[in-house]
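Novice: Output the structure for:
(one chain, ligands or ions: 1)
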Amino acid sequence: MPIAALTAWSMLIEYGGLQAGDTVLLQGTGGVSIFGLQFALMAGARAIITSSSNAKLERAKALGAWKTINYSEVPDWDKAALELTGGVDHVLDVGGAATMVKSINALRIGGTLSMVGFLSGLTIPEYDVTSILQKAATVRGSQVGNRHHFEKMNRAIAHHHLHPVIDHVFPLERIGDAFALLAEGKQYFGKIVVQI
Ligand SMILES: NC(=O)c1ccc[n+]([C@@H]2O[C@H](COP(=O)([O-])OP(=O)(O)OC[C@H]3O[C@@H](n4cnc5c(N)ncnc54)[C@H](OP(=O)(O)O)[C@@H]3O)[C@@H](O)[C@H]2O)c1
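Specialist: As a prediction, the model looks like this:
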């Protein structure tokens, strides 16, 4: 809650000012993105989510995603998002090096890119920043969030009866298995929990 959820909450709701009717693009089906999906729906926004797995995209649809794109089958997912929307209002980028340029491409003019993650690395060699200028984009880095945002988020979660999406719960003595699942990177949807 104080990391994945708070990051999605801070970037979309507190700093991003997400409004009902806005369109959000979320990448993959890990902890930050699934909380992002839940908060986007809470705010009345439309969510597009990408994944490398069609089965996970079905689960995201069942949670309320508006559109889904398989980024393995559709490497130009930025163009697909543009075709669906004419440009999304907000992208929550968790991919980093492999996704950031495409994330900017997917934005509408005046849209916001929240730079959160680096699942594919941090370094983008020789990136031409023209697209940021042409999109008049807001690019904001994330450092999780603060206590005030955390308390507001928890109040909203309670009021909306929002339940975090938990893929696996491990007892403390199986923490090694929890880390092994996390290290595989793609075998879970939402969060892995270790019960203490
Ligand atoms: N800056 C901050 O404030 C902050 C805070 C929290 C987390 N983070 C960072 O944000 C990132 C995400 O954290 P998380 O907890 O959500 O991770 P996670 O739960 O481990 O997310 C894993 C999922 O990300 C998706 N993914 C992996 N590579 C991708 C790519 N190239 N393009 C699109 N999706 C990709 C995959 O989804 P599919 O299996 O569906 O394809 C994978 O299952 C991490 O780098 C983390 O360190 C930063």
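
Novice: can we go C-alpha only for contacts and neighbour counts from here?
Specialist: OK.

Novice: residues in the chain within reach of the ligand, list them.
Specialist: When proximity is defined as CA under 6 Å from any ligand atom, the chain approaches the ligand at 3-4, 7, 27-33, 51-53, 94-95, 98, 116-120, 142-144, 185-186.

Novice: can you tell me which of the residues you listed are in strands?
Specialist: Of the residues of the chain next to the ligand, the ones assigned to strands by DSSP state E are 27, 51.

Novice: Any of the residues of the chain next to the ligand buried? List them.
Specialist: Buried residues within the residues of the chain next to the ligand, defined by neighbour count using 16 or more other CA atoms under 10 Å: 4, 7, 27-33, 51-53, 94-95, 98, 116-118, 144.

Novice: Just these: which are in helices?
Specialist: 4, 7, 31-33 (DSSP state H).

Novice: which residues touch the spatially most central residue of the chain?
Specialist: Residue closest to the average C-alpha location in the chain (CA atoms, centre = their mean): S33, at 2.9 Å. Contacts for S33 (CA atoms under 8 Å, 6 or more residues apart in numbering) come out as 8, 26-27, 92, 94, 190.

Novice: 6 Å instead?
Specialist: Applying CA atoms under 6 Å, 6 or more residues apart in numbering, we find S33 in contact with L26.

Novice: how close does I132 sit to I109?
Specialist: As judged by CA to CA, to the nearest Å, I132 and I109 stand 9 Å apart.

Novice: count of residues packed around the nearest residue to F150 once chain neighbours are set aside?
Specialist: Residue nearest to F150 in three dimensions, not counting chain neighbours: L6, with 6.1 Å by CA to CA, 6 or more residues apart in numbering. For L6, the number of neighbouring residues by other CA atoms under 10 Å comes to 25.
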